[in-house]
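Engineer: Sequence and predicted structure are below.
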There are 2 protein chains.
Amino acid sequence: MRHRLLTRAELSTETGISKPTAGESVRRLTEAGLVVDTGRRTPGGRGRGRVGSYYSLAPDVGTALAVSVAPEGVVAECVDAYGNLVARVEEPVGRPARPDDVATALGRAVDRVRELVEARQEADFAGDRGDRGDRGELGPAGRLRLDAWPRLAVVSAADPVDRHTGRLLQLPDAPFLLGEIDPVAVLAGRVAGTVLVDNDVNWAAEAERAAAPMDDFAFVYLDEGLGCAIVSDGEVRRGHRGVAGEVAHLVTVGPGGRAMPLIEVFGLLGLRHGRSTAIDVDRLLEERPPEVVTAVGGLVAALATLIDPEVVVIGGRWGTPLSDVIAEEVSRSPRPVPVRAASVKNEPSLAGARAQALDMLRALIVGR
Amino acid sequence: MRHRLLTRAELSTETGISKPTAGESVRRLTEAGLVVDTGRRTPGGRGRGRVGSYYSLAPDVGTALAVSVAPEGVVAECVDAYGNLVARVEEPVGRPARPDDVATALGRAVDRVRELVEARQEADFAGDRGDRGDRGELGPAGRLRLDAWPRLAVVSAADPVDRHTGRLLQLPDAPFLLGEIDPVAVLAGRVAGTVLVDNDVNWAAEAERAAAPMDDFAFVYLDEGLGCAIVSDGEVRRGHRGVAGEVAHLVTVGPGGRAMPLIEVFGLLGLRHGRSTAIDVDRLLEERPPEVVTAVGGLVAALATLIDPEVVVIGGRWGTPLSDVIAEEVSRSPRPVPVRAASVKNEPSLAGARAQALDMLRALIVGR
DNA sequence: CATTCTAGTCAGGGCTCTTGCCTAGAAGGG
DNA sequence: CCCTTCTAGGCAAGAGCCCTGACTAGAATG
C-alpha cells in the first residue's frame, strides 16, 4: 500500500521476510485475488541483474468514502487503498439548511460519487485494454468488471453524534445546525459495509493529530457552533454517548464575573442569530468583545484542569483569528497551558474523516 | 495463575491446546523455571483413570508491592502472582505529616514488608521440607532460597503525581498534603524492577472500575483534598503531565452565582484548615453548606459536558455522605447525569494499586 | 478379574518460516 | 565478443510448533 509497486525481492527486503517466503506469500495473495502481477518489469537500466516482476494491490480491493455534512452543504470523496482521491462531489444546501434537504443532498452526493467512480473505472478498463493490447499482455485484472460501491463510509457531521446509533443528537441549549438526520440510514443502501459517523470537531482533531502527532491535547472549535474534541493517550475520546466535548453548556465566566453556560454569553452579548441557535460569526469578528475571550478562557482553563492537555488547539472561523488573544488570556490564568491556532486549514474535518476512511479500508483489506 | 494447580490434561482442556502440545509446553515452562511439578497427584477418588501430576507456578516467580501513601500514614502490601496477600504493614505518620517523615515511613514500611516475606518464605521452606520429608518426595522447588525482593511496586499517593518522573507535584491553589517526596527514589533500592506511582484518586477509580465494569465514567473524590479521575474507553486517562482531574482550581459556581475556582469556595466559607491548604472535613460534615453542593454540582456539570460519562461516582470522606444531595442538585441541571456514591468502601486506592500490581506482575511473568 | 475411564505419550504429518545454494538473465569490462 | 558480476527468483532441506489419532499406564468399579 505504501509503495504501490514492488517486486518480490523488494518486498522481502522491505519486510524482512526471507525471499522464498515473500515469493510464496505473493503467490498466495495473488491466488486470493488481493495482489496482481502488473505486467511491468524492472527497467534494465537500474542495476544489472535479472529483471523483476512488479506486483501491486489488485484493482478490485475497493474504495472508501469520506463525507462531510455541514450546513453549507455536503462534500463526498472516494479514496482508494493508496489514499488517492478517486472522485469528489460537492453538493450545496440552501440556507437555512432544512434536515430533509441535508439528507437528500447527502444521498445525492454519494450517488454522484459512485457514478464518477464507475465512469473512471470504465475509462481505466478501456485504457488498460488498449495498453496491454499493444504489448500483447492483457492481465487478468483488465478483464474484471469492478464494483464501484465503496466498502465503507466515514461521515463527519456538524452536530453531536450518538456514538452507538450514528444519529445526530439535539442537546439542550446547544445550536443544532443540521437537524435530526440519520446518515447511517441514508448510506445503508449506498455503501457495502460499515458507516461510521462522528462529529466534525472530532474528525478535525484527528486531522490535527495526524499533522502534528500529540498524545494529549484538546481541540476547541469556535464557529457557528461550539465544539471541542479531547485527545487522550493518542485517541479521540468520545465519552459514553459520544457527546464528550459538547461545550455549549459548560459553566464559565460570563460578563461581570457571573457563572453561566458558555452559549449564554453569546446570547447576552446579542451574538446569536435571531431565528436559529447559531452564533453570528461575522458580527463577532467585527466586535471581538473581551467578554467572549474571557468566557473562552474559562473553557480552556476547565480543559486544562480536567484533561491536562499538552496544548489546546483552537480552530473554527472565529476561533482561529482570536487564538492569539485567547492564548494571552490563558497565559494570565493561574494554570496556564499552551494555546495555538489549528495547523490544518483546509477542510480539517473532511481530512480527518478521509484519514480514518483510508485506515479502515486498509484494515479491511489486510484483516482477516 | 487462575487455577493454581492443574494437570497437563486440565491445562489442555482449559486452554483448548491439544494434549501433546500442552504437555510439551509444560515441559518447556518447567525447564525455564516458571512452572514446577508440585509433587501432588490427583486424588484417586475423583474419576477412575490414571493419576495426574499437578503443576503450578514456580514459587520463585516473585511478588509485587502495592503501597498507599497518605497523610495518615503508609500501608504496604505484598501480593503473589495468585493475588494472595503475602504480607501487610501499616506505618502511621504523625500529624501534620512532614515530607521527611512520610518518606521515612514509606521506606520503613517496605523494609518491614520484605522482612515479613522473608520470614514467611523461611517458614514455607521448613514446612515444605517437613511435608515432603515424610513422604520422601522433596521437590526441587523446596531447595531454593527465594528472593524476597518484590519485582515491582505500585504506589498510590494522596497528591498529584508527575506522570513521567513519578514525583509528587505541588500545583498552585491546590492542597498539598504530602510534600515533595519522590517515591521512585525511595523505592529504587528496595524493589527489583519498575516503580509506578500515581494519584490515589486514579487508583480508587481503577478499583471502582474493577468492582462495576464501566468504560466511561468520572470519579470525584471529596476529602481533605479534592480530586477527580477520568476513565474513558475503559482506561484511566492521566493527561500529558499526569495531572488530569486536579479540579481544585476548576471554575465553578460560587456563592452568589459568582464564577470562582472550586477550592476558593471552601476558603470563602471558612472550611479550610487554618495553617494547611486542606479542607476541614469534620466541620463541613456538620454544616453541610448548600454553597458547597452547588459548587460540586458545577464540577459534575463540567465533567458531564467535557467527558460525557455514563455515571459520576462520588467518593471521599465528605463526598460519599453528600452524594445524594449532589445527585439531586445535578438532576435539576439542564444536562443531568447519573450520580452515585462509590461502591468500594475499604481502602479504595490501595485496592486499585493492588490490582494494578497484580496485573503487572502477571504480565512480567508471562511476557517476554 | 475384566471393564471402564482418565492421564499422558508416541508417531506421523501439516503449515509456515528459515538458510543455503542454484538458475535465469541482463550489464559491463577487458 | 566473451567472461565476470550482479540481481531476481526458485529449489531443497530443515526447524519449530502445532495438530490428529492411536497407543500405554494405571487406577476404580462391578
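Structural biologist: Arrived safely, thanks for sending.

Engineer: contacts, neighbours, all on C-alpha from now
Structural biologist: Will do.

Engineer: My guess is residue A:339 contacts residue A:325. True?
Structural biologist: No. Checked against Cα atoms under 8 Å, the pair residue A:339 and residue A:325 is beyond contact range at 9.8 Å.

Engineer: of these two, who's got more company?
Structural biologist: Using other Cα atoms under 10 Å in any protein chain shown, the more surrounded residue of residue A:339 and residue A:325 is residue A:339, with 23 against 17.

Engineer: Outline the domain layout of chain A.
Structural biologist: Domain assignment for chain A, taken from automatic domain parsing, gives A:8-57, A:63-202+A:349-366, A:213-342.

Engineer: Of these, give the one that comes closest to DNA strand D.
Structural biologist: Of all the domains of chain A, it is domain A:8-57 that lies closest to DNA strand D, at 2.9 Å by Cα to the nearest atom of the strand.

Engineer: Do a quick rundown of the strands in chain A.
Structural biologist: Assigned by DSSP state E, chain A shows strands spanning A:35-41, A:53-57, A:63-70, A:73-80, A:85-92, A:152-157, A:195-199, A:217-222, A:226-232, A:235-237, A:251-253, A:259-261, A:311-315, A:339-341.

Engineer: Export the ones you listed as a markdown table, with columns for distance to DNA strand D and mean pLDDT.
Structural biologist: Output for the strands of chain A, formatted as a markdown table (distance: least, Cα to the nearest atom of the strand, whole Å; pLDDT from 0 to 100):
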| stretch | distance to DNA strand D | mean pLDDT |
| --- | --- | --- |
| strand A:35-41 | 8 | 88 |
| strand A:53-57 | 4 | 92 |
| strand A:63-70 | 27 | 96 |
| strand A:73-80 | 25 | 97 |
| strand A:85-92 | 29 | 96 |
| strand A:152-157 | 33 | 97 |
| strand A:195-199 | 37 | 97 |
| strand A:217-222 | 41 | 97 |
| strand A:226-232 | 36 | 96 |
| strand A:235-237 | 33 | 97 |
| strand A:251-253 | 56 | 93 |
| strand A:259-261 | 58 | 92 |
| strand A:311-315 | 45 | 97 |
| strand A:339-341 | 46 | 97 |
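
Engineer: looking at the ones you listed, which is closest to DNA strand C?
Structural biologist: Per Cα to the nearest atom of the strand, nearest to DNA strand C of the strands of chain A: strand A:35-41, 10.0 Å.

Engineer: Which secondary structure elements does the closest one sit against?
Structural biologist: In terms of contacts (3 or more Cα pairs under 8 Å, 6 or more residues apart in numbering or on different chains; DSSP states H and E), strand A:35-41 is packed against helix A:19-32, strand A:53-57.

Engineer: Would you mind listing the buried residues in that strand?
Structural biologist: By neighbour count on 16 or more other Cα atoms under 10 Å in any protein chain shown, the buried set for strand A:35-41 is A:35, A:36, A:37, A:38.

Engineer: nearest to chain B, of the residues you listed?
Structural biologist: Within the buried residues of strand A:35-41, proximity to chain B (Cα to the nearest Cα) peaks at residue A:35, which comes in at 33.7 Å.

Engineer: so that closest one makes contact with residue A:60?
Structural biologist: No. Residue A:35 is not in contact with residue A:60 according to Cα under 8 Å; the separation is 9.5 Å.

Engineer: Show me the helices in the stretch 201-350 of chain A, by range?
Structural biologist: Under the criterion DSSP state H, counting those that start in this stretch, helices of the stretch 201-350 of chain A are mapped to A:262-268, A:281-287, A:290-307, A:319-331, A:348-366.

Engineer: Please work out which of the ones you listed is packed deepest.
Structural biologist: Ranked by average neighbour count under the criterion mean count of other Cα atoms under 10 Å in any protein chain shown, these are headed by helix A:290-307 at a mean of 24.

Engineer: residues of the biggest helix by length in chain A that come out buried?
Structural biologist: Determined from DSSP state H, the single longest helix within chain A is helix A:99-135. In terms of neighbour count (16+ other Cα under 10 Å), helix A:99-135 has its buried residues at A:99, A:101-103, A:105-114, A:116-118, A:121, A:125, A:128-129.

Engineer: any idea how far residue A:5 is from the residue of the stretch 1-150 of chain A at minimum distance from DNA strand C?
Structural biologist: Across the stretch 1-150 of chain A, the shortest distance to DNA strand C (Cα to the nearest atom of the strand) belongs to residue A:49, at 2.9 Å. Going from residue A:49 to residue A:5 by Cα to Cα, to the nearest Å gives 18 Å.

Engineer: swap in residue A:102?
Structural biologist: 41 Å.

Engineer: try residue A:43
Structural biologist: Between residue A:43 and residue A:5 the computed distance is 13 Å (Cα to Cα).

Engineer: Those two: which is more packed in?
Structural biologist: Comparing residue A:43 with residue A:5 by other Cα under 10 Å, the one with more neighbours is residue A:5, at 16 against 11.

Engineer: is the closest residue to residue A:327 other than its chain neighbours in a bridge, and if so with what?
Structural biologist: Nearest residue to residue A:327 in three dimensions, chain neighbours excluded: residue A:339, at 5.0 Å (Cα to Cα, 6 or more residues apart in numbering or on different chains). When assigned by DSSP bridges, residue A:339 has beta-bridge partners residue A:312.

Engineer: Name all residues that make contact with residue A:339.
Structural biologist: By Cα atoms under 8 Å, 6 or more residues apart in numbering or on different chains, residue A:339 lies in contact with A:311, A:312, A:313, A:314, A:323, A:324, A:326, A:327, A:330.

Engineer: Please apply the same query to residue A:4.
Structural biologist: Contacts for residue A:4 (Cα under 8 Å, 6+ apart) come out as A:56, A:57, A:82.

Engineer: ok, now with 10 Å
Structural biologist: By Cα atoms under 10 Å, 6 or more residues apart in numbering or on different chains, the residues touching residue A:4 are A:54, A:55, A:56, A:57, A:81, A:82.

Engineer: Repeat that for residue A:318.
Structural biologist: Counted by Cα under 10 Å, 6+ apart, residue A:318 has contacts A:221, A:222, A:223, A:224, A:280, A:281, A:282, A:284, A:285, A:288.

Engineer: Can you redo those residues as a markdown table, where the extra columns are distance to DNA strand C?
Structural biologist: A markdown table is the format used below for the contacts of residue A:318 (distance: Cα to the nearest atom of the strand, whole Å):
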| residue | distance to DNA strand C |
| --- | --- |
| A:221 | 46 |
| A:222 | 49 |
| A:223 | 50 |
| A:224 | 52 |
| A:280 | 59 |
| A:281 | 56 |
| A:282 | 59 |
| A:284 | 60 |
| A:285 | 59 |
| A:288 | 61 |
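
Engineer: Residue A:330 touches residue A:294, doesn't it?
Structural biologist: Yes. Taking contacts as Cα atoms under 10 Å, residue A:330 lies within contact range of residue A:294: 8.7 Å.

Engineer: Overlap in contacts, these two.
Structural biologist: In contact with both residue A:330 and residue A:294: residue A:300, using Cα under 10 Å, 6+ apart.

Engineer: Give me the below-cutoff pLDDT ranges for the stretch 251-368 of chain A.
Structural biologist: Low-confidence segments of the stretch 251-368 of chain A, defined by pLDDT under 70: A:274-276, A:368.

Engineer: try 90 this time
Structural biologist: Along the stretch 251-368 of chain A, segments meeting pLDDT under 90 span A:272-278, A:333-335, A:366-368.

Engineer: same question, the stretch 1-150 of chain A
Structural biologist: Where the stretch 1-150 of chain A drops to pLDDT under 90, the residues are A:1-3, A:14-16, A:28-33, A:38-52, A:59-60, A:71-72, A:94-99, A:120-149.

Engineer: And the residue of it that's closest to chain B?
Structural biologist: residue A:16 (21.3 Å).

Engineer: list the contacts for residue A:120?
Structural biologist: Counting by Cα under 10 Å, 6+ apart, residue A:120 has contacts A:86, A:87, A:114, A:126, A:148.
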